[in-house]
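Trainee: have a look at this fold, sequence not included:
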C-alpha cells in the first residue's frame with residue numbers, strides 16, 4: 001500500500017532522504033511531523049496441503065478474486081499474537097475446513113511483486129473439504145502430477161516436491 005498523506009497529521013508525504021542505520025535512505029516522509037512510511041514487506045503464510053485421507057493428494061484452490069482460472073496454495077496473513085505455525089493451521093481450517101495434523105517449514109520466499117515475504121509450510125491435513133467464500137473451487141492432485149508456477153508460492157511447491165524425491169514439472173510460460 002502506498003500512502004499519499006500522513007496518517008498522523010494529514011500533510012502530503014514527500015520523498016525525503018534522511019540518515020538511517022547503514023546510511024542515508026529515501027522514503028516517503030511527512031515534512032510536518034517527521035512520520036516515515038517504512039513500506040516493509042508483509043509476511044504471508046502459504047500451505048502445501050497434503051490430504052492424508054485422500055491418498056496424499058495435494059489440495060490447490062482458486063481464489064474468488066482471481067480473474068483467471070488458476071489454482072494455487074492455501075495462503076493468508078498472520079494475525080497479531082500468533083506464530084506462523086498457528087497462523088497457517090488457522091488459515092487451512094478457515095479456508096478449507098481441514099484439520100491440520102502438523103506443519104513443517106518448507107522455506108521463506110521473496111515476492112517483491114506484491115512486497116511480501118512468503119513463509120511456506122507442508123501441512124498434512126484431513127477432513128471434509130468445505131471452502132470459505134474466499135475460494136470458489138479446488139483440485140486434488142497426486143504430487144507427481146503437480147505443475148509448479150514460476151512466481152510466489154510456486155517455488156515453495158517445487159522445493160517440497162524435490163524433498164519428496166519428485167522432479168518438479170513447470171507450467172509453460174503464459175503468452
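Mentor: Perfect, thanks for sending it. Just so we're clear, the structure is a prediction, and the values are computed from it rather than from any experiment.
Trainee: ok, residue 72 - how many residues close by?
Mentor: 17 (other C-beta atoms under 10 Å). Backbone N, C-alpha and C define where each C-beta goes, glycine included.
Trainee: hmm, who's touching the helix-or-strand element of the chain with minimal mean pLDDT?
Mentor: Lowest by mean pLDDT, DSSP states H and E among the helices and strands of the chain is strand 36-37, with a mean of 88. Contact with strand 36-37 is made by 2-3, 13, 18, 27-30, as judged by C-beta atoms under 8 Å, 6 or more residues apart in numbering.
Trainee: make it 10 Å
Mentor: Strand 36-37 has contacts (C-beta atoms under 10 Å, 6 or more residues apart in numbering) with 1-4, 6-7, 13, 16, 18, 20, 25, 27-30.
Trainee: ok, the residue nearest the centre of the chain - contacts?
Mentor: Note on the chain: the residue nearest the mean C-alpha position is residue 44, at 3.9 Å, using C-alpha atoms, centre = their mean. Neighbour list for residue 44: 75-78, 87, 91, 109, 111, 114, 116-120, 152-153 [criterion: C-beta under 10 Å, 6+ apart].
Trainee: just list whatever residues bridge to it.
Mentor: residue 77, residue 118 (DSSP bridges).
Trainee: and for residue 104?
Mentor: residue 122.
Trainee: give me the neighbour count for it.
Mentor: For residue 104, using other C-beta under 10 Å, the count is 12.
Trainee: which residues touch the nearest residue to residue 96 once chain neighbours are set aside?
Mentor: Closest residue to residue 96 apart from its sequence neighbours, by C-beta to C-beta, 6 or more residues apart in numbering: residue 129 at 5.5 Å. Taking C-beta under 10 Å, 6+ apart as the criterion, residue 129 is in contact with 49, 51, 54, 59, 61, 95-98, 135, 138, 140.
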